[in-house]
Each structure stands twice: as C-alpha cells, then as structure tokens.
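Q: here is my input, please return the structure:
(one chain, ligands or ions: 1)
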Amino acid sequence: MKIFTTKKSLAGHLEPFRRDGKKIGFVPTMGALHQGHLSLLARGQQLSDEVVCSIFVNPTQFNDPKDLEKYPRPIAADIEKLEQAGCDVLFSPEVNEMYAGNEQWHLDIGEPEQLLEGKFRPGHYQGVTQVVYKLFDIVKPDLAFFGQKDYQQFLVIQKMVELLHLPVELVMCPILRQTDGLAMSSRNIHLSAADRQHALVLSKTLNWLKQKFDPGKIASLRRQCEAMISAEPGVRLEYFEIADGDNLHNADRHTKKIVALVAAQVGNTRLIDNVIISD
Ligand code: AMP
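A: Residues are numbered from 1 along each chain as shown. Below is the predicted model of the structure:
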C-alpha cells in the first residue's frame, strides 16, 4: 500500500491512472478502522481499479472540542488493517495540509442540514461538506463510498454533489453490525461493558420496529420506540424518527421510502443508528 501525506504527492500518483481511463474509488474515513470501514473498501475494490482510503480526523466537523480530543487515532493498527485488506493507497494528511489558517466555508444545503443530526450537532454538516469537498478535489474519484450508518450524511453529500455538479458517483454501503446487533462504530471503544449492553436497545428497537411496521400506525409506533429506548438505564435519547428516506421529513402512510433513525447518548458516548424499513 502506498501512503501519502501531501495533496501533491497523492495527485501525482493518481494522475497516470486517470490518464489511462482507470476508475478511481475513494473511501473517506476518520480512522479507528473496523469491519464497517473495511466493507466500504471491499465494495470500492469491486467497483474501481485503484482505491484510495483517507484517514483524517477533521476538526471542523466536531462541535465539541472534547469529542475531537478523545477521538481514537490508532494509526499503526489502521495501516496494518488496510495493508491486510489490500488497499492500494492511504491518504493521511496532517491538519495543516488540509487547512490553511482560518478558512471560511458555507454551503447552503437546505433542509437535510437542519433536521435530526443538524439540531443536535449545529455546524457539523458544514464541516463535513467542507472536508469532503476538499478530499474530492484532491482525489477526483469516479466513485465514492459512504456508509448507510451515517444516513443523513449521505443525503447531505448527495445534495452537495448535485449543487456543485461534482463529477462523482456516490455509493451507499450497508451497516455492519456486531453479532449482537450493535452497529460498528469507532466510538464503541469508549463504551464500558455496562454501556455496551445498554446500547443494544438501539438496534433492538429499530429491529422491532421493522418487524412491526404498519404504515397506518407510524405515530404510535414512534412513541413506543421512544419509550423503549428511554426506559433503558444509562441511555439518553436525543431523537427517534420515522422519516421519508429521500428528505427526512416525517413519514406518513403514503411515504414510499421509509427509514427509522435514532441518536442517543449511552454513558458519555453519542451513538447513532438507523434501519431502512421500505425502499
Ligand atoms: P467515520 O470514520 O466514522 O467517519 O466513517 C467513515 C465511513 O464509514 C462513513 O461513510 C461511515 O458511514 C462508514 N461507516 C461507519 N460505520 C459503519 C458501519 N458500521 N458499517 C458500514 N459503514 C460504516
């Protein structure tokens, strides 16, 4: 695996691939890699000729400085995982390679920015679009792979691609879970053994909803899900929504594409999860 830490050296490496008409796939991550990240890489390897994975803990998308500080950065273990998975290229720049001084950025993404996560993490998606735009500009991928795990993030990036006419195809990859249902996340390492057990309520509730789903009972099902999660010790629910998968408006009996999304604090760790109920 080739490792680059500067934009120039990465661009130099990719240029001949682009010239020869090869497909460049891109998997952006913040590191602390798990099987979920590696499943994106595997999809990238199926669909592209050269796959670039990036590891960059992007400061501008953290609204809580403590969260940024404690974000795990096990770079040696990550490199090992990527090597073993046969990744072609790792791009792992320092912050000053990506940002020059006090840069300004604002992209009017409209609703997908303000709903759900947007309410609880103001400014988060401005930071996400800022860094993904920069990364796309450096890598110039044909295909970029993102997880359904961050469902709203996918919609936001899709909107940015549309607004700015970026020549990249986005691919959404399914959520990878532990055998007990917990969605894999770099943040799971912060969960104590007890938190880890309590956190299962999120995937259990989403599963329960998927089994019981009835388009005529959305409001009462949503309330039941909220109650199930709120009853779990150590878990503080932020939101549970049953939404239109295209625009995240509240779903009703006529909505075709439905997704249920949840966010909660479990101990001191904020977790998100979702399930696609109908597509
Ligand atoms: P992150 O490093 O958390 O920024 O995530 C990088 C990419 O991996 C994003 O596109 C995430 O949606 C995706 N991802 C995170 N967790 C999972 C998971 N459990 N299954 C599949 N993809 C995931």
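Q: and the helix or strand of the chain with the lowest mean pLDDT, what does it pack against?
A: The element with the least model confidence among the helices and strands of the chain, by mean pLDDT, DSSP states H and E, is helix 111-114, at a mean of 90. For helix 111-114, the elements it packs on are helix 124-139, helix 151-163, judged by 3 or more C-beta pairs under 8 Å, 6 or more residues apart in numbering; DSSP states H and E. Heads up, the C-betas are built off the backbone N, CA and C, glycines and all.
Q: distance between the first one and the chain's centre?
A: Distance of helix 124-139 from its chain centroid, counting by C-alpha atoms, centre = their mean, to the nearest Å, is 13 Å.
Q: do the last one as well
A: Remark: helix 151-163 is offset 11 Å from the chain centroid, using C-alpha atoms, centre = their mean.
Q: tell me the buried residues in it?
A: Applying a neighbour-count criterion of 16 or more other C-beta atoms under 10 Å, one finds 151, 152, 153, 154, 155, 156, 157, 158, 159, 160, 161 buried in helix 151-163.
Q: please apply the same query to stretch 251-271.
A: By neighbour count, and taking 16+ other C-beta under 10 Å as the criterion, the buried residues in stretch 251-271 are 251, 255, 258-264, 266-267, 269-271.
Q: quick one: low-confidence ranges for the chain?
A: By pLDDT under 70, the chain has no low-scoring segment.
Q: so how far is the ligand from residue 107?
A: Using C-beta to the nearest ligand atom, to the nearest Å, one gets 18 Å for the distance from residue 107 to the ligand.
Q: go on, residue 93?
A: Using C-beta to the nearest ligand atom, residue 93 is found at 15 Å from the ligand.
Q: what's near enough to touch that residue?
A: 5, 6, 7, 54, 56 (C-beta atoms under 8 Å, 6 or more residues apart in numbering).
Q: list the contacts of the first one.
A: Residues in contact with residue 5, defined by C-beta under 8 Å, 6+ apart, are 91, 92, 93, 94, 97.
Q: can you rerun that using 6 Å?
A: 92, 93 (C-beta atoms under 6 Å, 6 or more residues apart in numbering).
Q: got the phi and psi for it?
A: Its backbone dihedrals place residue 5 at phi -120, psi -10, with angles given as degrees, to the nearest 10.
Q: now the most centrally placed residue in the chain: how far from the ligand?
A: To find the centre residue of the chain, average its C-alpha atoms and take the closest one (C-alpha atoms, centre = their mean): that gives residue 150, at 3.6 Å. Between residue 150 and the ligand the distance, using C-beta to the nearest ligand atom, works out to 4 Å.
Q: quick check: the gap between that residue and residue 192.
A: Applying C-beta to C-beta, to the nearest Å, one obtains 24 Å for the distance of residue 150 from residue 192.
Q: secondary structure of residue 259: a strand, I assume?
A: Yes - assignment of residue 259 by DSSP: H, G, I helix; E, B strand; the rest coil places it within a strand.
Q: quick check: residues of the stretch 101-250 of the chain near the ligand?
A: Selection of the stretch 101-250 of the chain residues close to the ligand by C-beta under 6 Å from any ligand atom yields 146, 147, 149, 150, 173, 175, 176, 183, 184, 185, 186.
Q: ok, the last one - contacts?
A: In this case it means residue 186. Residues in contact with residue 186 (C-beta under 6 Å, 6+ apart) are 32, 72.
Q: next one: the first one
A: With contact taken as C-beta under 6 Å, 6+ apart, residue 146 is in contact with residue 154.
Q: doesn't it belong to a helix?
A: No - read with three-state DSSP, residue 146 is strand and lies in no helix.
Q: for the residue of the stretch 51-200 of the chain found nearest the ligand, name its beta-bridge partners.
A: Taking C-beta to the nearest ligand atom as the measure, the stretch 51-200 of the chain has residue 147 as its residue closest to the ligand, at 2.4 Å. Here residue 147 sits in beta bridges with residue 173, as judged by DSSP bridges.
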